[in-house]
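**Student:** Here you go, sequence then predicted model.
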Amino acid sequence: MKTYLLPALKLTVILLVILSGLYPLIIAGIGKFTPGNGDGETVQYKGRTVGYVLIGQKFTKDQYFWSRPSAANYQADAGAGSNKGPANEDYLKGVEKLIDTFMVHNPTVKRADIPAELVTSSGSGLDPDLSPAGAEVQVARIAKVRNIPAVQIEKIIADNTEGPLLGLFGPSKVNVLKMNVALDELKK
Amino acid sequence: MNTEIAGVIFMYLAMVGLAIPLGKYIARVFKGEKTWLDFMAPLERLIFRLSGIDPKKEMNWKQHLKALLTINCLWLFYAFFCLLFQAHLPLNPDKNPNQTPDLAFNTALSFLTNTNMQDYSGESGVTYYTQIFVLMFFQFVSAATGFAAMMVVFKAMKDKITDKLGNFWDFLVKSITRLLLPLSFVVAVILAFNGTPTSYKGKDTVIGLQGDTVHVSRGPAAAMIAIKQLGTNGGGWFGTNSAHPLENPNYLTNMVEDISIVFIPIAVVFALGFYLNKKKLAWVIFGVMTVGFLMVLIPSIRAEVNGNPALAHLGISQPGGSMEGKEVRFGAAASAYWGVTTTVTSNGSVNAMHDSMMPISGLGQMFDMMINAFYGGVGVGFLNFYIFIIIAVFISGLMVGRTPEFMGRKIEAREMKIASLIALLHPFLILVGTSIASYVLVNFPNINWATKPSAWLNNPGFHGFSEMLYQFTSASANNGSGYAGLTANNIFWNVSTGLIIFIGRFLPIIGPVAIAGILANKKFIPESAGTLKTDTATFGIMIFAVIFIVAALSFFPALTLGPIAEHFSIK
């Protein structure tokens, strides 16, 4: 046993220094040169930090673009999905309720035009994005509440939409927090 | 939708495209030929000198296993101790508490064995110290352990009689310095520049635009996420793993992370071809694995992209497919793709909640883990496949009336006994585990435990059964993903899966190494007209049949009660 135990012990200590000590420190050093300086990139509005670009926020007021439902209520230190199975009766009742709520707040939208992402919880509970379609269906509501022309809101969606990677791969998305900051900036 | 399909096709091509040169590189490293990472040699010499190791001292298979088990034993005690007392150790800015003994037992075993089943959440259940100095450390060394065991088998397959099978420490260190660490470095830097945090700062508190206060967990995550993917570990920095926007910020990082899951396991197959100069055999193995992979991938992508029929009945539109538990930035296709790649390998990270996926996807994911050798984990995936090869050689040898031989060695009773035991161990652990859990749940739903069995499941009916079946399958396959709805952080689940993880790791390493070691000592029989050729498509079909019969027949009844029944019950 001694032939193996002593080298194993020494090797463990040395590998700990290299892998757990040096490696993440070097990455942290390089991280200083990234957009968020390694702390995570934030969004500013009127000189204060209103959130992180990548972390979705709860938006339930009618004058904002709503985020997707979140099983974690957008607590960014305890993200979670709903983990409901696709055929779970209680779950389907919950979705039905979300659809009803959406239709009450968006009376002009037809049921068949509601994209599923607006009534289903994300995996992380912190999804920062919507699909462009998920933003479009909310335009009429926001225009009415804010009393501004719909085209201005359409423009905000268009400005913030990120297309597929290299125009080829993956879905289009639009960041909810950035759109809502842009909405608030409209009223000078 | 088309860009989503294009994305997954591109990912697959990139995986294979990168795996072939990487396989060549791995073979060169372990043959001792020149490579462009030779500048690591002084570091390796320093490591060996400080640890008093002579990397040139050859070991036989028993010595290899002794070294492997000794160092793993040591790591286990170290981890258990750290997790139990993590609140008192440094690097705990969020003031997270100690783990309970049963949770520490599960976590330590789970990371030691490359499984990374996480019954805690990264944000609150561990500290920066335990994340980096225990869990991430294990992500490197457990992958390296699997890799070293595989190298022993590679070496034993060479065509000379020998019991000199290289040096375990040499394999272990080199798989880190020449493969895992450099690749992790590259991936971590890509993640950092796309928004994954790297600093050691604790939680941040911000007041959102709407006025809600949010606490944002952070930490040096990029370093860990890189090796979690490359080492087929899967244990994330954050609780929701690669679904978390800081852990996997955009489609590009999703591609990089997903490619990182599979390309070392694929490269290993080609490395075998280059190492033994048996390229045709490598292509046969790759072919069998790929057929298995696509067989599960295509139905899963179809199901997720088409959406949940139960939601369609509610009258809404599903332009992005089934979105429950998924993230907008990845979409349904890339989430289904990840679900398959993470289960064919023993990775177990997720970018969407598997618990909410369509039953066809769940069926595929469980089937992948039940076979556990279509690509497979770093090192150990090949070891599992090796067992299936041995069985296939034996059966086809009997069928055509030839002596079963593989790589010029006779396969005899002793090797077959080991191979059969290992092949049967996996169904045994999964099915016995699931039956015990089901028995307890049905007969003692309100027994006086801290977490009553009636509170285990997050979904009723067939899906609830799937949650338990998935958990044991994932444990025995050392995968680590889960149907996260299962309430797993309690004594029953922590202990039962912990034990299964442990057995499911070390026996399937010991078995193949022993077989290979025994075979290497046998007389070498040069290939003749009477030899059953193992590098042909026919033999490929034979391996596939063996895999299918062993797995399908053992698991079909259980799968019928879970995902298959659920599939037919969705209206």
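**Tutor:** That came through, no problem. Numbering: from 1, shown residues only, chains lettered A, B, ... in the order given.
**Student:** Please give the element, helix or strand, for residue B:205.
**Tutor:** In this assignment (DSSP states H and E), residue B:205 forms part of strand B:204-207.
**Student:** what packs against that strand?
**Tutor:** strand A:48-52, strand B:213-216 (3 or more C-beta pairs under 8 Å, 6 or more residues apart in numbering or on different chains; DSSP states H and E). For every residue, glycine as well, the C-beta is placed using N, CA and C.
**Student:** Residue B:71: which of the ones you listed is closest?
**Tutor:** strand B:213-216 (37.8 Å; C-beta to C-beta).
**Student:** Now the closest one: average pLDDT?
**Tutor:** The average pLDDT for strand B:213-216 rounds to 92.
**Student:** phi, psi of the residue nearest to the spatial centre of chain A?
**Tutor:** Centroid-nearest residue in chain A, with C-alpha atoms, centre = their mean: residue A:128, separated by 1.3 Å. Phi and psi for residue A:128, reported as degrees, to the nearest 10, are phi -80, psi -10.
**Student:** which residues sit in contact with it?
**Tutor:** Taking C-beta atoms under 8 Å, 6 or more residues apart in numbering or on different chains, we find residue A:128 in contact with A:53-57, A:67, A:175-177, B:245.
**Student:** switch the cut-off to 6 Å
**Tutor:** A:54, A:56, A:175, B:245 (C-beta atoms under 6 Å, 6 or more residues apart in numbering or on different chains).
**Student:** Mind listing what's buried along stretch A:92-99?
**Tutor:** For stretch A:92-99, a neighbour-count test (16 or more other C-beta atoms under 10 Å in any protein chain shown) marks A:92, A:94-95, A:98-99 as buried.
**Student:** Can you name the residues in contact with that stretch?
**Tutor:** For stretch A:92-99, contacts defined as C-beta under 6 Å, 6+ apart pick out A:119, B:310.
**Student:** hang on, residue B:236 in a helix?
**Tutor:** No. Judged by DSSP: H, G, I helix; E, B strand; the rest coil, residue B:236 forms no part of a helix; its state is coil.
**Student:** confidence score at it?
**Tutor:** We have a pLDDT of 91 for residue B:236.
**Student:** how far away is it from residue B:569?
**Tutor:** Per C-beta to C-beta, to the nearest Å, residue B:236 is found 32 Å from residue B:569.
**Student:** Looking at these two, which one has more neighbours?
**Tutor:** residue B:236 (28 against 12; other C-beta atoms under 10 Å in any protein chain shown).
**Student:** contacting residues for that one?
**Tutor:** Listed by C-beta under 6 Å, 6+ apart, the contact set of residue B:236 reads B:247, B:349.
**Student:** cool, residue B:27 as well?
**Tutor:** B:271, B:274-275.
**Student:** repeat that with 8 Å
**Tutor:** B:271-275.
**Student:** what's the neighbour count on residue 21?
**Tutor:** I'll assume chain A. 14.
**Student:** You answered for a different chain; I wanted chain B.
**Tutor:** As a measure of burial, residue B:21 has 11 neighbours, counting by other C-beta under 10 Å.
**Student:** okay, residue 109: pLDDT?
**Tutor:** All of this refers to chain A. As predicted, residue A:109 sits at a pLDDT of 92.
**Student:** wait, chain B
**Tutor:** Reading off the model, residue B:109 has pLDDT 94.
**Student:** how close does it get to chain A?
**Tutor:** From residue B:109 over to chain A the distance is 17 Å, taken as C-beta to the nearest C-beta, to the nearest Å.
**Student:** Also residue B:274?
**Tutor:** If you go by C-beta to the nearest C-beta, the gap between residue B:274 and chain A works out to 27 Å.
**Student:** So, low pLDDT: which residues of the stretch 151-300 of chain B?
**Tutor:** For the stretch 151-300 of chain B, the stretches flagged by pLDDT under 70 are B:159.
**Student:** The residue nearest to residue B:326 when sequence neighbours are not counted: neighbour count?
**Tutor:** For residue B:326, ignoring the flanking residues on the chain, the nearest one in space by C-beta to C-beta, 6 or more residues apart in numbering or on different chains is residue B:352 at 4.3 Å. Residue B:352 has 31 neighbouring residues, counting by other C-beta under 10 Å.
**Student:** tell me which element residue B:352 falls in.
**Tutor:** Assigned by DSSP H and E, residue B:352 falls within no helix or strand.
**Student:** Model confidence for it, exactly?
**Tutor:** pLDDT, residue B:352: 94.
**Student:** isn't it right next to residue B:337, touching?
**Tutor:** No. Applying C-beta atoms under 8 Å as the test, residue B:352 and residue B:337 come out as separate, 10.2 Å apart.
**Student:** Strands of the chain, start to end?
**Tutor:** Here I'm looking at chain A. Here chain A has its strands, by DSSP state E, at A:42-45, A:48-52, A:129-130, A:161-162, A:173-175.
**Student:** wrong one, I was asking about chain B
**Tutor:** Under DSSP E, chain B gives strands at B:204-207, B:213-216, B:405-406, B:409-410.
**Student:** would you turn those into CSV with mean neighbour count?
**Tutor:** Listed next are the strands of chain B as CSV, based on neighbours: other C-beta atoms under 10 Å in any protein chain shown:
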stretch, mean neighbour count
strand B:204-207, 16
strand B:213-216, 16
strand B:405-406, 21
strand B:409-410, 19
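**Student:** right, so of those strands, which gets closest to residue B:252?
**Tutor:** So among the strands of chain B, strand B:213-216 is nearest, using C-beta to C-beta, at 22.2 Å.
**Student:** Touching that closest one from outside, list them.
**Tutor:** A:40, A:51-52, A:55, A:57, A:74-77, B:203-208.
**Student:** Likewise for stretch B:70-80?
**Tutor:** Here stretch B:70-80 makes contact (C-beta under 8 Å, 6+ apart) with A:1, A:4-5, A:8-9, A:11-12, B:104-105, B:107-109, B:111-112, B:134, B:138, B:141, B:145, B:172, B:506.
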